[in-house]
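Participant: Predicted coordinates and the sequence they were generated for:
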Amino acid sequence: MAIETIRTSPDLLRAIKEASTKTQTADEIRQQRISFVYGSLGAKSSVTRAQVESALERHEGRVAA
């Protein structure tokens, strides 16, 4: 397929534009941070998502160490 025949869906472009103007809530940012850390762990890691969440809470000073 030639490059000049590739077209981007107008619906996709509209969704991207809407997403670019949306402000994330604090909880959305927190969940994204948890997902990033958890996803960065190796497949052989025994760390759970709950453990990642707990570690981030301690790091942010939300829970006493």
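Facilitator: All right, it came through fine. Residues are numbered from 1 along each chain as shown.
Participant: CA only for contacts and neighbour counts going forward, please
Facilitator: Fine.
Participant: What values do phi and psi take at residue 44?
Facilitator: Backbone torsions of residue 44, given as degrees, to the nearest 10, read phi -90, psi 0.
Participant: could I have the top helix by length along the chain exported to PDB, CA atoms only?
Facilitator: If each helix of the chain is counted by residues according to DSSP state H, the longest one is helix 26-40. Extracted in PDB, the C-alpha atoms of helix 26-40 (Å, rounded to 0.1, in the frame of the first residue of the first chain):
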ATOM      1  CA  ALA A  26      -6.100  13.500  40.400                       C
ATOM      2  CA  ASP A  27      -7.400   9.900  40.600                       C
ATOM      3  CA  GLU A  28      -6.900   9.300  36.800                       C
ATOM      4  CA  ILE A  29      -3.300  10.500  37.200                       C
ATOM      5  CA  ARG A  30      -2.800   8.300  40.200                       C
ATOM      6  CA  GLN A  31      -4.300   5.200  38.400                       C
ATOM      7  CA  GLN A  32      -2.100   6.000  35.400                       C
ATOM      8  CA  ARG A  33       1.000   6.100  37.600                       C
ATOM      9  CA  ILE A  34       0.100   2.800  39.200                       C
ATOM     10  CA  SER A  35      -0.400   1.200  35.800                       C
ATOM     11  CA  PHE A  36       2.900   2.500  34.500                       C
ATOM     12  CA  VAL A  37       4.900   1.200  37.400                       C
ATOM     13  CA  TYR A  38       3.100  -2.100  37.400                       C
ATOM     14  CA  GLY A  39       3.500  -2.500  33.700                       C
ATOM     15  CA  SER A  40       7.200  -1.700  33.900                       C
END
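Participant: ok, and for that helix, which residues are buried?
Facilitator: For helix 26-40, the neighbour count (16 or more other C-alpha atoms under 10 Å) marks 34, 38 as buried.
Participant: In terms of secondary structure, what does the helix or strand just after it contact?
Facilitator: Going down the chain from helix 26-40, the next helix or strand is helix 49-59, by DSSP states H and E. Applying 3 or more C-alpha pairs under 8 Å, 6 or more residues apart in numbering; DSSP states H and E, one finds that helix 49-59 contacts helix 26-40.
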